[in-house]
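In: Here is my input; please provide its structure:
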Amino acid sequence: MEIGYRIIRPDDVGKQPLQLAQISLWRVANWRVAVGQQAVKEAMEIEIACKERQIRTVYHPIEYPLTGDLASHSMDVMQQLALTSDLGMIIHDESGADGNRLSKDDEKVFEQNVLKLSSICPISIENAINSHDITWFWERFVLKASENVSITIDIGHMESAGIDSIDYVRLMPERFVERVNYIHLHHKAEERYGIKDHWPLVLGCREIEALKVFIKRKPNVRVILELNAAKPGMGQSIELLKDIS
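Out: Purely as a prediction, here's the structure:
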């Protein structure tokens with residue numbers, strides 16, 4: 001198991017003593033973070049700064065759908081990132097306008113766009129939009145794709161969706177386990193400042209217990225702590241993970 005941290009600003013680089021980082025960037029956001037083309041520019045500059053420090057990186061563009069009216073713009077951005085990527089890119093699952101599965105037409109569009117991106121760099125698909133239907137999503141868009149497309153399990157999102165993440169990873173079919181490349185980890189707690197599942201890990205929390213179950217099945221997975229790189233909670237969470245790695 002390799003532990004990584006999340007970088008969202010240039011001064012996050014090197015904030016933690018780890019040689020793996022996820023560079024997260026937003027198309028839109030209502031808090032103090034770069035957005036749009038400025039975020040893309042910063043993300044690519046961060047990737048260069050990490051490379052100089054021998055930190056491996058994966059991009060994580062957020063609010064960039066591969067279907068619908070924004071798909072063309074998203075593809076322009078993601079192709080820019082793909083061409084400069086190190087380990088590739090983690091993208092989100094998607095749903096239809098009604099919150100259910102993509103339409104047949106959008107299925108084809110999503111599949112075609114993942115194919116284009118994965119021909120440039122590795123792509124990993126995370127459960128973020130509809131964790132309750134993620135098994136179908138991964139079956140449809142990962143298992144039917146080339147080995148350059150993998151799975152990212154976000155354990156925190158599963159817990160916040162009311163899914164028993166411990167049982168999920170214990171019962172996950174081996175054909176899925178083999179395709180898991182990343183795990184996103186953060187703790188579900190009471191809602192604070194409008195969020196409830198991006199908090200530091202605590203001893204004995206369900207998210208850690210689910211990770212323990214998974215790494216018994218597949219030890220060589222990359223675990224990304226999706227927390228604020230500069231806050232004390234990141235360091236505390238890293239220490240908890242080191243105890244089980």
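
In: for this protein, which helix is longest?
Out: Counting by DSSP state H, the longest helix found in the chain is helix 36-52.

In: quick one: the next helix or strand after it to helix 36-52, angle?
Out: On the C-terminal side of helix 36-52, the closest following helix or strand by DSSP states H and E is strand 56-62. Relative orientation of strand 56-62 and helix 36-52, computed by axes from the mean of the first three to the mean of the last three Cα atoms, to 10 degrees: 170 degrees.

In: Who are the packing partners of strand 56-62?
Out: Helices and strands touching strand 56-62, by 3 or more Cβ pairs under 8 Å, 6 or more residues apart in numbering; DSSP states H and E, are strand 2-7, strand 20-26, helix 36-52, helix 71-84, strand 89-92. The C-beta positions use only the backbone N, C-alpha and C, and glycine is treated the same way.

In: Put together JSON lines for the ones you listed, with mean neighbour count and distance to residue 136 on each row.
Out: Below are the helices and strands packed on strand 56-62 laid out as JSON lines (neighbours: other Cβ atoms under 10 Å; distance: least, Cβ to Cβ, whole Å):
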{"stretch": "strand 2-7", "mean neighbour count": "22", "distance to residue 136": "28"}
{"stretch": "strand 20-26", "mean neighbour count": "24", "distance to residue 136": "25"}
{"stretch": "helix 36-52", "mean neighbour count": "17", "distance to residue 136": "30"}
{"stretch": "helix 71-84", "mean neighbour count": "17", "distance to residue 136": "21"}
{"stretch": "strand 89-92", "mean neighbour count": "24", "distance to residue 136": "15"}
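
In: Are there helices or strands packed against the helix or strand encompassing residue 124, and which ones?
Out: For residue 124, the host element (DSSP H and E) is strand 123-126. Under the contact definition 3+ Cβ pairs under 8 Å, 6+ apart, strand 123-126 sits against strand 89-92, helix 104-118, helix 134-141, strand 149-154, strand 180-185.

In: Can I get the ones you listed in JSON lines including mean pLDDT and distance to residue 81?
Out: Output for those, formatted as JSON lines (pLDDT from 0 to 100; distance: least, Cβ to Cβ, whole Å):
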{"stretch": "strand 89-92", "mean pLDDT": "98", "distance to residue 81": "6"}
{"stretch": "helix 104-118", "mean pLDDT": "98", "distance to residue 81": "9"}
{"stretch": "helix 134-141", "mean pLDDT": "98", "distance to residue 81": "19"}
{"stretch": "strand 149-154", "mean pLDDT": "98", "distance to residue 81": "16"}
{"stretch": "strand 180-185", "mean pLDDT": "98", "distance to residue 81": "16"}
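
In: can I get these in a markdown table with distance to residue 199?
Out: What follows is these, written out as a markdown table (distance: least, Cβ to Cβ, whole Å):
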| stretch | distance to residue 199 |
| --- | --- |
| strand 89-92 | 20 |
| helix 104-118 | 31 |
| helix 134-141 | 22 |
| strand 149-154 | 14 |
| strand 180-185 | 11 |
